[in-house]
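Participant: the amino acid sequence is not available; the structure is as follows:
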């Protein structure tokens, strides 16, 4: 890969270090696990709600980054502004709340943690996340380097998990010793990442944005309301584009839009519901299990990152290239189905683990080892490689050229926003399964957990994951996704097909008030007077095979300044030029 892509992957890795370093430790920090004397003193449910809200904001604000990147600033400037104006200030504010009495208050400053954790930090990460993967993919040609784009997204997702692994190990370990120093590490790491990103500024391919906020707003309006603005408020250009779409229902522009990207990404919602359990119910289950050395329930999240790194390398650098060499391409829906299958198996392992917890406690009154959870985490990691990385890829490839960041935002919302919102409703609907024998939601102790029915919730997750497998294996779904990918590829190769060009030409003539014949092939170029002007002020036509024409060397110059010849060479060219000129002169003399 090029140096520019390596720098982009590096900044993504460092950004994920910061995100997961904070995300994995927020609940413990707010509940006072790291410092008994200085903390927010929140109950577990409230602390978990803070984490869920920040995650939802982080996966919804990519729409803001997409608008800035596609229409105003471009991906490069948007990434820099997102980091400097929101991300880094949010991390600084969170770190300052760990210092007792630093902000002039005797009690914990809840308002500061709310601004840092729920506003600045998630907005910053959402803004950056919408742009960085698109910016890296734009360093490749969409057609000539399509296989490199596929490998790029696998490597991109591996870099995400390298950052998640290192951040999920370093920050929690340091937090056990000094939470202030632990939360200062992400600040310094992100500053280094932004500096490296700026260092590669001259090496990047930076597509020019549209500078048209109205266009983006119309797209969002059509996405949300099923329609656009009124005809009086549309620009003349948009009217013509709408006319072209009406005249040719086979045009690729009709088939690929942001709404289509949302529908495509929604196919992996069942998998992402299972994936979202790593920071919620898997942690609840792991909290009643016996730690293995320094490895406790939050640290087990790193098993997922290790799985992605190990199997991601095998899949991205061995399996995919070998399939490419054999000209075998796994359909996108089959990748989604494979990922959902691994998600279903992971939830199945969690069910087995839950039954084992109850059995051992009932027989011996003991807790089982936390290493039992390594199986669900490893399987979820393999599923991510197929499902989530494929969703990143398809969102980029099928989106129109000027809506790449918006498509990335839509995909991120379906990857992290919608599944987490669905999980919140799911938790409330299944609340009775998370109550102990006394009817309380405190089940972080083994004696209370053994009286709850969390395993019923896991069975519900198993049904959801299996539903995702079945949907993605349906032939109509496979064919629909394949047709969208083919339409997007055709739009890149030939943005406007010949019938559309002809009809658009006739409409332009009509708009000018001119007349046109019934022959679509007739153009002003072959009319006598205009063609004579073309010969006089420009270049003569050069005949090509299959009857095509393009501007070539001036016939007039060829007549007065013939090229030097040697041994008769060049004479056929002069004769052909004179012959062409003689054929065209009668038309040029007509008034």
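Facilitator: That came in fine, so what should we check first? Remember, predicted model here, so these are calculated numbers, not experimental data. Numbering: from 1, shown residues only.
Participant: quick one: contacts for the closest residue to residue 297 other than its chain neighbours?
Facilitator: Counting by CB to CB, 6 or more residues apart in numbering, residue 297 lies nearest to residue 286, which is 3.1 Å off, once chain neighbours are set aside. Heads up, the C-betas are built off the backbone N, CA and C, glycines and all. With CB atoms under 8 Å, 6 or more residues apart in numbering as the criterion, the residues that contact residue 286 are 296-297, 300, 370, 373.
Participant: tabulate those (TSV), appending distance to residue 85, secondary structure and neighbour count.
Facilitator: Listed next are those as TSV, based on distance: CB to CB, whole Å; DSSP: H, G, I helix; E, B strand; the rest coil; neighbours: other CB atoms under 10 Å:
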residue	distance to residue 85	secondary structure	neighbour count
296	35	coil	18
297	35	coil	19
300	35	helix	25
370	40	helix	22
373	38	helix	24
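Participant: could those residues be laid out in CSV, adding pLDDT and distance to residue 157?
Facilitator: Listed next are the contacts of residue 286 as CSV, based on pLDDT from 0 to 100; distance: CB to CB, whole Å:
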residue, pLDDT, distance to residue 157
296, 79, 26
297, 79, 24
300, 86, 20
370, 92, 26
373, 93, 22
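Participant: distance of residue 432 from residue 125?
Facilitator: Distance, residue 432 to residue 125, using CB to CB, to the nearest Å: 34 Å.
Participant: no wait, residue 434
Facilitator: For residue 434, the distance to residue 125 - CB to CB - is 29 Å.
Participant: equivalent analysis for residue 107, please.
Facilitator: Residue 107 is 28 Å from residue 125, by CB to CB.
Participant: these two: who's more crowded?
Facilitator: residue 125 (31 against 10; other CB atoms under 10 Å).
Participant: for the more buried one, which non-adjacent residue is spatially closest?
Facilitator: Spatial nearest neighbour of residue 125, chain neighbours left out: residue 58 (4.9 Å); criterion: CB to CB, 6+ apart.
Participant: residue 197 now?
Facilitator: Nearest non-adjacent residue to residue 197, counting by CB to CB, 6+ apart: residue 11, 4.4 Å away.
Participant: contacting residues for the one you found?
Facilitator: Contacts of residue 11 were listed using CB under 8 Å, 6+ apart, and they are 79, 132, 193-194, 196-197.
Participant: need the contacts of residue 286 in JSON lines (columns: distance to residue 423).
Facilitator: JSON lines is the format used below for these (distance: CB to CB, whole Å):
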{"residue": "296", "distance to residue 423": "23"}
{"residue": "297", "distance to residue 423": "18"}
{"residue": "300", "distance to residue 423": "19"}
{"residue": "370", "distance to residue 423": "23"}
{"residue": "373", "distance to residue 423": "19"}
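Participant: low-confidence ranges, the stretch 351-500 of the chain, go.
Facilitator: Residues of the stretch 351-500 of the chain meeting the criterion pLDDT under 70: 492-500.
Participant: and what of the stretch 201-350 of the chain?
Facilitator: 210-256.
Participant: can you do 80?
Facilitator: 201, 207-258, 279-280, 283-284, 287, 296-298, 316 (pLDDT under 80).
Participant: strands of the chain, start to end?
Facilitator: Counting by DSSP state E, the segments of the chain that form strands are 541-543, 549-551.
Participant: report the mean per-residue pLDDT for the last one.
Facilitator: Mean pLDDT, taken over the full extent of strand 549-551, equals 44.
Participant: what's the answer for the first one, then?
Facilitator: Predicted confidence along strand 541-543 averages 46 (mean pLDDT).
Participant: how close does the residue positioned nearest the centre of the chain sit to residue 394?
Facilitator: By CA atoms, centre = their mean, the mean C-alpha position of the chain lies nearest to residue 408, the distance being 3.7 Å. The gap separating residue 408 from residue 394 is 11 Å, by CB to CB.
Participant: repeat that for residue 26.
Facilitator: Look at residue 26 and residue 394: by CB to CB, they are 32 Å apart.
Participant: the two - which one has more neighbours?
Facilitator: The neighbour comparison of residue 26 against residue 394 (other CB under 10 Å) goes to residue 394, with 26 against 21.
Participant: what number of residues lie near the spatially closest residue to residue 453 that is not a sequence neighbour?
Facilitator: Closest residue to residue 453 apart from its sequence neighbours, by CB to CB, 6+ apart: residue 433 at 4.4 Å. Residue 433 has 17 neighbouring residues, counting by other CB under 10 Å.
Participant: is it true that residue 291 touches residue 370?
Facilitator: Yes. At 5.5 Å, residue 291 and residue 370 qualify as touching, with contact defined as CB atoms under 8 Å.
Participant: hey, what's in contact with both of these two?
Facilitator: Residues touching both residue 291 and residue 370 (CB under 8 Å, 6+ apart): residue 297.
Participant: returning to what we had before: just to check, the residue nearest to residue 125 is in contact with residue 127?
Facilitator: No. Look at residue 58 against residue 127 with CB under 8 Å: they stay out of range, at 9.5 Å.
Participant: more neighbours: those two, which one.
Facilitator: Taking neighbours as other CB under 10 Å, residue 58 and residue 127 compare with residue 127 leading, 29 against 24.
Participant: which one of the contacts of residue 11 has the most neighbours?
Facilitator: Highest neighbour count within these, by other CB under 10 Å: residue 79, with 29 neighbours.
Participant: and that residue, how far is that from residue 188?
Facilitator: Taking CB to CB, one finds residue 79 at 19 Å from residue 188.
Participant: for stretch 40-54, list every residue counted as buried.
Facilitator: Buried residues in stretch 40-54, counted by 16 or more other CB atoms under 10 Å: 40, 42, 44, 47-48, 50-54.
Participant: quick one: that stretch to chain centroid distance?
Facilitator: Put simply, stretch 40-54 sits 27 Å off its chain's centre (CA atoms, centre = their mean, to the nearest Å).
Participant: then stretch 67-77?
Facilitator: Put simply, stretch 67-77 sits 15 Å off its chain's centre (CA atoms, centre = their mean).
Participant: end to end, how far does it reach?
Facilitator: 12 Å (CA to CA, to the nearest Å).
Participant: buried residues, it. List them.
Facilitator: 67-71, 73-76.
Participant: residue 302 touches residue 169, doesn't it?
Facilitator: Yes. Contact criterion CB under 8 Å: residue 302 and residue 169 qualify, at 5.8 Å.
Participant: now do the residue nearest to residue 297 against residue 326, distance only.
Facilitator: Distance from residue 286 to residue 326, counting by CB to CB: 42 Å.
Participant: got it, and residue 456?
Facilitator: From residue 456 across to residue 326, the span is 45 Å (CB to CB).
Participant: could you do residue 155 as well?
Facilitator: To residue 326, residue 155 is 21 Å away according to CB to CB.
Participant: all the helices of the stretch 1-150 of the chain, in order from the start?
Facilitator: 3-23, 26-31, 44-58, 62-71, 74-82, 88-96, 110-114, 121-137, 146-177 (DSSP state H, counting those that start in this stretch).
Participant: distance to residue 389 and mean pLDDT added to those, as TSV?
Facilitator: As requested, these are exported to TSV (distance: least, CB to CB, whole Å; pLDDT from 0 to 100):
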stretch	distance to residue 389	mean pLDDT
helix 3-23	13	90
helix 26-31	26	81
helix 44-58	19	79
helix 62-71	17	83
helix 74-82	19	91
helix 88-96	27	94
helix 110-114	33	89
helix 121-137	10	88
helix 146-177	4	83
